[in-house]
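Trainee: predicted model follows, preceded by the sequence.
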Amino acid sequence: MTPPTNTPWGTRRESREIIPGVWLIITASHGGFWLTPERRKQMRSDRAWYEEDVEVARPLLRFAPEFDKAHGYRIDRKPMRDGLRAFGRRPFLSEVGR
């Protein structure tokens, strides 16, 4: 399954599956992640799109061990948690731990 051509940020120019079911999306002006239906289920959400500035922290934290393994290093979770806190995303933090 590949991401749709039309995104919340404009037409998709480039995409790459960074772990199974999680796609990095690049447009002319912005980007983020697109999640397949299977990954949305794992997130316990119907939401498909996560913008690049803050929202990508949600799937990055939820699937952190997979990202770590796929890319050969441990991603730093603290800045992502801090960013979500700063933007009022506290309910989500309970899903991924503190």
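Mentor: Right, received. Where do you want to start? Computed from a predicted structure; not experimentally measured.
Trainee: how far out from the middle of the chain is the longest helix along the chain?
Mentor: Criterion DSSP state H: the longest helix present in the chain is helix 77-86. The chain centroid and the centroid of helix 77-86 are separated by 14 Å, computed with C-alpha atoms, centre = their mean, to the nearest Å.
Trainee: quick one: average pLDDT of it?
Mentor: Averaged over helix 77-86, pLDDT sits at 89.
Trainee: do stretch 42-50 as well
Mentor: 95.
Trainee: what's the answer for stretch 8-27, then?
Mentor: Taken as a whole, stretch 8-27 has a mean pLDDT of 96.
Trainee: just the CA atoms of that stretch, as PDB, please.
Mentor: The C-alpha trace of stretch 8-27 is given here as PDB (Å, rounded to 0.1, in the frame of the first residue of the first chain):
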ATOM      1  CA  PRO A   8      -3.000  17.800   3.900                       C
ATOM      2  CA  TRP A   9       0.100  19.800   2.800                       C
ATOM      3  CA  GLY A  10      -0.400  19.600  -0.900                       C
ATOM      4  CA  THR A  11       0.600  17.100  -3.600                       C
ATOM      5  CA  ARG A  12       3.000  14.400  -2.600                       C
ATOM      6  CA  ARG A  13       6.400  14.900  -4.300                       C
ATOM      7  CA  GLU A  14       8.300  12.100  -2.600                       C
ATOM      8  CA  SER A  15       7.600   9.300  -0.100                       C
ATOM      9  CA  ARG A  16       9.500   6.600   1.500                       C
ATOM     10  CA  GLU A  17       8.400   3.800   3.800                       C
ATOM     11  CA  ILE A  18      10.600   4.300   6.900                       C
ATOM     12  CA  ILE A  19       9.300   1.300   8.800                       C
ATOM     13  CA  PRO A  20       6.600  -1.100   7.600                       C
ATOM     14  CA  GLY A  21       3.300   0.900   7.400                       C
ATOM     15  CA  VAL A  22       4.800   4.300   8.200                       C
ATOM     16  CA  TRP A  23       5.600   6.600   5.300                       C
ATOM     17  CA  LEU A  24       7.600   9.800   5.200                       C
ATOM     18  CA  ILE A  25       5.800  12.300   3.000                       C
ATOM     19  CA  ILE A  26       7.400  15.300   1.300                       C
ATOM     20  CA  THR A  27       5.500  18.000  -0.500                       C
END
